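Engineer: the amino acid sequence is not available; the structure is as follows:
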Ligand code: GLV
Ligand code: MN
Ligand code: MN
């Protein structure tokens, strides 16, 4: 069999998705494998076991990124694919996992067919892509590419007070491979879209040209706790009201900006969080995203002005902390062309699009030619246990990944077969 007609084994890929989905399974069919928890360790053990079964040489670096390498004929840098296997607390079974398991399926298919490649092929899963427990998101790929110092990442404190370094050691994934790592020859990530565009338009393959900019801020508001029944409204320093005002403000800001601007308050805590006590402290997060860096900066400036207005109006103190800040990232046009060409050769409809979600590929783009393949998410649902991608779309995406990786790595067919 030659590489040009090689297809992945869809049944084997679906089985691995189901098996990994059973680790940290939660009601409704989703997964809870927050980064560096026991459930994450169990998922890592399963995937590393599969890597070894496939004959890959597995290394783990000091931030816990795992890379399985299939040797090539030559000693050049590896063509890499992969994604992440951590999830949000209420995640689906496809986000990230698909990219890693499809990478393993590509390796399995090449092994079955006895096809070698000139460049080594590598499948990676990066630590803490989600950023739900420890910020910033894409932490593993940031350290892998040298954009975040290892020591800083290891010191990061999570929402539960734990630290990355201690949790990595606890689950046995503080490895010894060096960071930053050597740059791959190229990087391709298959991922579910996590938005509604492909599903609505009935298109099988998204050719991802860019990732939008991300701005995460944690805001702490300090007021005065007092009796809810006796404190006149005019005399309050109400941290709870100020937090609510921020929630409304960012929604209105996104509506006023229109276009690609999105804004979310996803986490909020009140103290002391009691029915009859004016909150003296509130902590909330704001997630702002835009494909246009100038507009994203304008949104950040308007949020800062709103916080100043709140300080004056409610006499509260407000502290802010940047949790993550990434400018929009364009992918390599030649890589996008390559993905589009292979998808069309396979009879699939394609669409060029930006990514609304953050991805490890956006960090790899700084060190090697990179692009992403999207497959549809039913109803655009993600970060939700109902996340679903039709099996035929998973198969289509994995076959495009196979073809693109084969071309990038340079396939060498088994002896006796035409190239
Ligand atoms: C990662 O999933 C993100 O928040 O985009
Ligand atoms: Mn993801
Ligand atoms: Mn995600």
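Structural biologist: That came through fine. Just so it is clear, the structure is predicted and the values come from calculations on it, not from any experiment. Residues are numbered from 1 along each chain as shown. Ligands and ions are numbered 1, 2, ... in the order given.

Engineer: bridging residues for whatever residue of the stretch 201-350 of the chain ends up closest to ligand 2?
Structural biologist: Residue nearest to ligand 2 within the stretch 201-350 of the chain: residue 211 (11.1 Å; Cβ to the ion). In this view, the C-beta of every residue, glycine as well, is placed from N, C-alpha and C. When assigned by DSSP bridges, residue 211 has beta-bridge partners residue 329, residue 355.

Engineer: residues in contact with it?
Structural biologist: 326, 328, 329, 331, 354, 355, 357, 358, 359, 361, 362 (Cβ atoms under 8 Å, 6 or more residues apart in numbering).

Engineer: so what's the closest residue to the second one other than its chain neighbours up against?
Structural biologist: The spatial neighbour of residue 328 that comes closest, neighbours along the chain excluded (Cβ to Cβ, 6 or more residues apart in numbering), is residue 213 at 4.3 Å. For residue 213, the contacting residues are 289, 290, 291, 292, 293, 296, 326, 327, 328, taking Cβ under 8 Å, 6+ apart as the criterion.

Engineer: just the closest of those to ligand 1, please.
Structural biologist: residue 289 (8.0 Å; Cβ to the nearest ligand atom).

Engineer: tally of neighbours for the closest one?
Structural biologist: Neighbours of residue 289 under the rule other Cβ atoms under 10 Å: 23.

Engineer: that one belongs to a helix, doesn't it?
Structural biologist: No: counting by DSSP: H, G, I helix; E, B strand; the rest coil, residue 289 falls outside a helix, being strand.

Engineer: any idea whether the residue in the stretch 151-300 of the chain positioned nearest to ligand 2 is helix, strand or coil?
Structural biologist: Closest to ligand 2 within the stretch 151-300 of the chain is residue 191: 5.8 Å, counting by Cβ to the ion. Put simply, residue 191 is strand when judged by three-state DSSP.

Engineer: skip the chain neighbours and tell me the closest residue to it.
Structural biologist: residue 99 is the one closest to residue 191 (Cβ to Cβ, 6+ apart), at 5.3 Å.

Engineer: any idea which element that neighbour lies in?
Structural biologist: helix 97-113 (DSSP states H and E).

Engineer: next SSE after that helix?
Structural biologist: The helix or strand immediately downstream of helix 97-113 is strand 116-117, counting by DSSP H and E.

Engineer: please name the nearest non-neighbouring residue to residue 77.
Structural biologist: residue 185 (4.3 Å).

Engineer: related to what we said a few turns ago, how far does the helix holding residue 99 sit from its chain's centre?
Structural biologist: 20 Å (Cα atoms, centre = their mean, to the nearest Å).

Engineer: kindly report the same for stretch 218-234.
Structural biologist: The chain centroid and the centroid of stretch 218-234 are separated by 37 Å under Cα atoms, centre = their mean.

Engineer: show the average pLDDT along that stretch.
Structural biologist: On average, the pLDDT along stretch 218-234 is 98.

Engineer: quick one: residues contacting the residue nearest to residue 191.
Structural biologist: 81, 82, 83, 84, 189, 190, 191.

Engineer: ok, and the closest non-adjacent residue to the fourth one?
Structural biologist: If you skip the residues right next to it in sequence, residue 84 has residue 129 as its closest partner in space, 3.3 Å away by Cβ to Cβ, 6+ apart.
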